[in-house]
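Asker: after the sequence you'll find the predicted model.
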Amino acid sequence: MQIFKVGGAVRDRLLGKPVTDIDWVVVGASTEEMLAKGYRPVGADFPVFLHPKSGEEYALARTERKSGRGYGGFTFHASPEVTLEEDLIRRDLTINAMAEDDQQNLTDPYHGQRDLEGRILRHVSPAFAEDPLRVLRVARFAARYAGLGFTVAPETLELMRQLSESGELQALTAERSWKEISRALMEDQPQVFIQVLRDCGALKVLMPEVDALFGVPQPEAHHPEIDTGLHTLSVLEQSALHKQPLTVRWACLLHDLGKGLTPEEEWPRHIAHEHTGLKLIKAVNERFKAPKDCQELALLVGKYHTHGHRALELKASTLLELLQSFDVYRRPQRFEEFIAACEMDARGRKGLEQRSYPQADYLRGAAKVAREVAVQPLLEKGFKGPELGEALKRERLKALKAYKDNA
C-alpha cells in the first residue's frame, strides 16, 4: 500500500503557489484494508475514504470507462492492481496528472512538469474528449493561470471544439455547469474563461446570448472598443481587478445581452436594449439555476445600468423610483453592488479604464438621504396603511429634490 499526493497540490507547489486542497491517492490497497486501518468510507460512486485523524479524503487508485452521456456517464474500477500511472492517465490536464510521495519524489509519466515550465494547458490522453465538463474546467484553468502566461495547447483546443460540436455539453447538469462557471468568474482573469469558451465554440452552445454580442458594434463616442463582445470581456476584467463579488461579476457578464437583439439596420445604436435584454438575462439565469442573489442583481443591472450612468441627470422622481426598485431601505447592499456593476461597465471601455465615476458617490448620497427620512413624525400625524406609504414617498421625494439642488 502506497500513498501519493496528486493533482492540484503537486501542481501548485511546483508553481510556488499556496497549496489549499490536498488530494491523496492510495495504490495497492483494497476497501477492506482501508476499513481495517480505520478509514471511513464516503464515496458512493467510487471508493473514497476519510483519514481517521486528519479527516482528509483518500481515494483508491482507479480506472474509468465511458458508459453514457455527460459528466456522470462513467463506470469506475478500483482494485489493488490499478497502478499510479493508470490512475493519473484518466485526469484532464498533464499539469494535474503528477504525483509525489512523502519524500516529494515526483511521478510525472505525462510530462506535466514540462508543460508547467512551458506554460501549456494540455490534455493527458484522448479520453479527455469523453467528459464534457472538461471544456469548462480547462477554460477555468486558463482564467486562473493567464497571468502566469499559460495558454491552451492547440490540440487540446481542437478536442474542446469537437466536444462542443458533439452535443455532449447539453448533457451537463445546470448544477455542474454553474459550479464551474461561478468558480471561473471568481478567478483573476474571468474574461479569459469566456474567451476560451468562445475560441472552442462552447460559448455558442452554453451561452448563445453572450456569444451573439461579438461583432455587434456600439457608438464609438461612448465605446472606443466598438465591439459589444469585447466590451463585455473588458467589463468582466475590470470586475476582477476591483475584486468584485460573484453577484457583480455575473451581472457584468449579462448586462448588455439586449444589444445582441438589435436589428443590424439600427446599429450602432441600441435603443431600449435594457428592456429587450431582460428576457435573455432571465433565460441564462434559469438555464444555470444561478443563485437568487445573482439572478436578481443581473436583472436589475440589465434594466437600470443606463440609469446609473445618467444618475446626475435623473429627475428626483426617477431617482426615487430607482431607489424603490432596489429596496434600498431594507437591502442597501444590493444597491451598492448595482453601483459597482455600473462603475465596472463605465471602466470596461478601451482607454477609459481609469476614468472617474462621480455617479457612484452621487447615488450613495441619494440612497442615504432617502433612508434618513423618518417615519415617526408621519405616524404622529396619524398616517397609517397605504396613506403612510404615500406620505413617506412624498417626504423622500422632497428630500431628494433638495439633495439634487445642492449636489
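Answerer: Noted; the coordinates are in hand. Residues are numbered from 1 along each chain as shown.

Asker: now tell me which helix or strand of the protein has the poorest mean pLDDT.
Answerer: Taking mean pLDDT, DSSP states H and E as the measure, the helix or strand of the chain with the lowest value is strand 74-78, at a mean of 70.

Asker: now do the buried residues in the helix or strand just after that strand.
Answerer: Using DSSP states H and E, the next helix or strand after strand 74-78 towards the C-terminus is helix 84-89. Going by neighbour count (16 or more other Cβ atoms under 10 Å), the buried part of helix 84-89 is Leu84, Glu86, Asp87, Leu88, Ile89. Backbone N, C-alpha and C define where each C-beta goes, glycine included.

Asker: how much space between Ala153 and Ile95?
Answerer: 11 Å (Cβ to Cβ, to the nearest Å).

Asker: find residues that contact each of these two.
Answerer: Both Ala153 and Ile95 are contacted by Asp115, Leu121, Arg122, under the criterion Cβ atoms under 8 Å, 6 or more residues apart in numbering.

Asker: could I get the CA-only coordinates of the one helix or strand Cys252 maps to as PDB?
Answerer: According to DSSP H and E, Cys252 maps onto helix 246-254. C-alpha atoms of helix 246-254 as PDB (Å, rounded to 0.1, in the frame of the first residue of the first chain):
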ATOM      1  CA  LEU A 246     -19.700  36.900  -7.800                       C
ATOM      2  CA  THR A 247     -23.100  38.700  -7.900                       C
ATOM      3  CA  VAL A 248     -21.400  41.700  -9.500                       C
ATOM      4  CA  ARG A 249     -19.300  39.700 -11.900                       C
ATOM      5  CA  TRP A 250     -22.400  37.700 -13.100                       C
ATOM      6  CA  ALA A 251     -24.300  40.900 -13.700                       C
ATOM      7  CA  CYS A 252     -21.300  42.400 -15.600                       C
ATOM      8  CA  LEU A 253     -21.300  39.400 -17.900                       C
ATOM      9  CA  LEU A 254     -25.000  39.700 -18.700                       C
END
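
Asker: now Leu253. Nearest residue, chain neighbours left out?
Answerer: Spatially, and ignoring its direct neighbours in sequence, Leu253 is nearest to Leu236 (5.8 Å; Cβ to Cβ, 6 or more residues apart in numbering).

Asker: surely the one you found touches Ala341?
Answerer: No - look at Leu236 against Ala341 with Cβ atoms under 8 Å: they stay out of range, at 10.9 Å.

Asker: quick check: neighbours shared by those two?
Answerer: Residues within reach of Leu236 and of Ala341 at once, by Cβ under 8 Å, 6+ apart, are Cys252.

Asker: check which helix or strand covers Lys5.
Answerer: Using DSSP H and E, Lys5 falls in strand 2-6.

Asker: so where's the longest helix in the chain?
Answerer: As assigned by DSSP state H, the longest helix anywhere in the chain is helix 385-406.

Asker: picking that back up, more neighbours: Ala153 and Ile95, which one.
Answerer: Set side by side, Ala153 and Ile95 show more neighbours around Ile95, with 30 against 17, by other Cβ atoms under 10 Å.

Asker: in a helix, the more buried one, correct?
Answerer: Yes - checked against DSSP: H, G, I helix; E, B strand; the rest coil, Ile95 lies within a helix.

Asker: show the contacting residues for it.
Answerer: Ile95 makes contact with Arg11, Gly112, Asp115, Leu116, Leu121, Arg122 under the criterion Cβ under 8 Å, 6+ apart.

Asker: ok so, going back, distance between the longest helix of the chain and the chain's centre?
Answerer: 39 Å (Cα atoms, centre = their mean, to the nearest Å).

Asker: can you pull out the helices in the stretch 301-407 of the chain?
Answerer: Per DSSP state H, counting those that start in this stretch, the stretch 301-407 of the chain carries helices over the ranges 316-326, 332-347, 358-371, 376-380, 385-406.

Asker: packing partners of the third one?
Answerer: Spelled out, that is helix 358-371. helix 292-309, helix 316-326, helix 332-347, helix 385-406 (3 or more Cβ pairs under 8 Å, 6 or more residues apart in numbering; DSSP states H and E).

Asker: equivalent analysis for the fourth one, please.
Answerer: With contacts defined as 3+ Cβ pairs under 8 Å, 6+ apart, the packing partners of helix 376-380 are helix 385-406.

Asker: pretty sure Trp24 sits in a strand.
Answerer: Yes - in this structure, Trp24 lies within a strand as judged by three-state DSSP.

Asker: distance of the closest residue in space to Pro332 that isn't next to it in sequence relative to Ser325?
Answerer: Among residues not flanking Pro332 along the chain, Ala367 sits closest, at 6.8 Å (Cβ to Cβ, 6+ apart). For Ala367, the distance to Ser325 equals 12 Å [Cβ to Cβ].

Asker: what does His77 give?
Answerer: Note on His77: its distance to Ser325, by Cβ to Cβ, is 56 Å.

Asker: how about the residue nearest to the spatial centre of the chain, what does it touch?
Answerer: Central residue of the chain (Cα atoms, centre = their mean): Leu185, 2.6 Å from the mean position. By Cβ under 8 Å, 6+ apart, the contact list for Leu185 reads Phe193, Leu236, Leu246, Arg249, Trp250, Leu253.

Asker: now do Lys66, the pLDDT please.
Answerer: Looking at Lys66, its pLDDT is 58.

Asker: with Asp211 instead?
Answerer: pLDDT, Asp211: 98.
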